[in-house]
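*Asks:* predicted model follows, preceded by the sequence.
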Amino acid sequence: MARTLWKGSISFGLVNVPVRMATAVSEKGIHFHMLSKDGSCRLRRKLVCPETGEEYDFQDTARGYEVAPDQYLIIKDEEIDKIKPEKGRTIDIVAFIKLAEIDPVYYDRTYYLLPDEGGSKAYQLLIEAMAERKTVALARFVLRERQHLAALRPMAQGGLALHTMHYEDEVTHWKSLRDELPQNITVAKQEMAIAGQLIDALTQKFKPQQYEDEYRKQLEALIHAKVEGQEAVTTSTLEEDEIPPVYNLMDALKKSVQQKKGGSGAASTGTAARKKAAPPRKRRRAS
């Protein structure tokens, strides 16, 4: 059984659907501790006054909001506690909207909502009603002392997904970057046609298992080799980026389509292009 992060109910008009929340994503990563050069001592960070060198314990600190350079407004914990959202147990649906209306830039984290005791029928009713109308539910709820905006989405394989969302004022919109977008560019019909052919040739079903974090896999292999006392050897492909050759747009499209038709996939297309091109210039890794 999935570990429950939150329990409560979905408020759907006068209907309450008992649910429990489970994590949908478990991020993978390698975490290191800071040690001395010879590895004999694990180091720790201290809270130190840079002027006096005096060390402070966390419980002897206060929250400060900088209002001007080196000027801070102290905010007390009890002042924050007064305005914290109440720890509710309800996911309040405020509207139903079309999924296509939500730009993915608004999505933050994903969770699964599972029916809790006595809620199976209402849970299934909500899923089927939304699926029939091709809508998602926009809702508010409190998790970990923060009020969240969220989208509840019926999943194709059954069940409900909950996506926490960024608020409007947290999102940078394209209109603020309009000056940096291409201006007065005309695309020829022939270029569009060939670009379409290339897209069609590269179109396939999404199979997430085909894509892996190669760097993490190599790092795990490195650690495993050291644990086993072996000499660690890596063959990383991430040392330096090669700057690809610059083609005329139409030539590049035609070459890409030809290589795709003659190759076995996107990876072989890129490899073939690099082999046929003149030796590329090297670009230094950003420090």
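*Replies:* Good, I have the coordinates. Quick caveat, the model's predicted, so the values are computed rather than measured.
*Asks:* quick one: contacts for residue 261?
*Replies:* Residues near residue 261 by C-beta atoms under 8 Å, 6 or more residues apart in numbering: residue 201. C-beta here means a position set from N, CA and C on the backbone, and glycine is covered the same way.
*Asks:* distance of it from residue 128?
*Replies:* Note on residue 261: its distance to residue 128, by C-beta to C-beta, to the nearest Å, is 44 Å.
*Asks:* same thing with residue 146?
*Replies:* In terms of C-beta to C-beta, residue 146 sits 31 Å off from residue 128.
*Asks:* name every strand pairing with whichever strand or helix holds residue 162 and say which way it goes.
*Replies:* Using DSSP states H and E, residue 162 falls within strand 160-165. Strand 160-165 has the following strand partners under DSSP bridges: strand 107-115 (antiparallel), strand 146-154 (antiparallel).
*Asks:* send me whichever helix or strand comes after the first one as PDB with only the CA atoms.
*Replies:* Where DSSP H and E defines the elements, the next helix or strand beyond strand 107-115 is helix 120-133. Extracted in PDB, the C-alpha atoms of helix 120-133 (Å, rounded to 0.1, in the frame of the first residue of the first chain):
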ATOM      1  CA  SER A 120     -15.300   4.400  -3.600                       C
ATOM      2  CA  LYS A 121     -18.600   5.100  -5.300                       C
ATOM      3  CA  ALA A 122     -18.400   8.900  -5.100                       C
ATOM      4  CA  TYR A 123     -14.800   8.700  -6.200                       C
ATOM      5  CA  GLN A 124     -15.700   6.700  -9.300                       C
ATOM      6  CA  LEU A 125     -18.600   9.000 -10.000                       C
ATOM      7  CA  LEU A 126     -16.400  12.100  -9.900                       C
ATOM      8  CA  ILE A 127     -13.900  10.500 -12.300                       C
ATOM      9  CA  GLU A 128     -16.400   9.300 -14.800                       C
ATOM     10  CA  ALA A 129     -18.400  12.600 -14.800                       C
ATOM     11  CA  MET A 130     -15.200  14.600 -15.400                       C
ATOM     12  CA  ALA A 131     -13.900  12.200 -18.100                       C
ATOM     13  CA  GLU A 132     -17.300  12.300 -19.900                       C
ATOM     14  CA  ARG A 133     -17.200  16.100 -20.100                       C
END
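*Asks:* about what we covered before: and of the strands paired with strand 160-165, who's closest to residue 255?
*Replies:* Across the strands paired with strand 160-165, residue 255 has its closest neighbour in strand 107-115 (36.3 Å, C-beta to C-beta).
*Asks:* and the end-to-end length of stretch 165-185?
*Replies:* Chord length of stretch 165-185, first to last residue, is 34 Å (C-alpha to C-alpha, to the nearest Å).
*Asks:* all set now, cheers.
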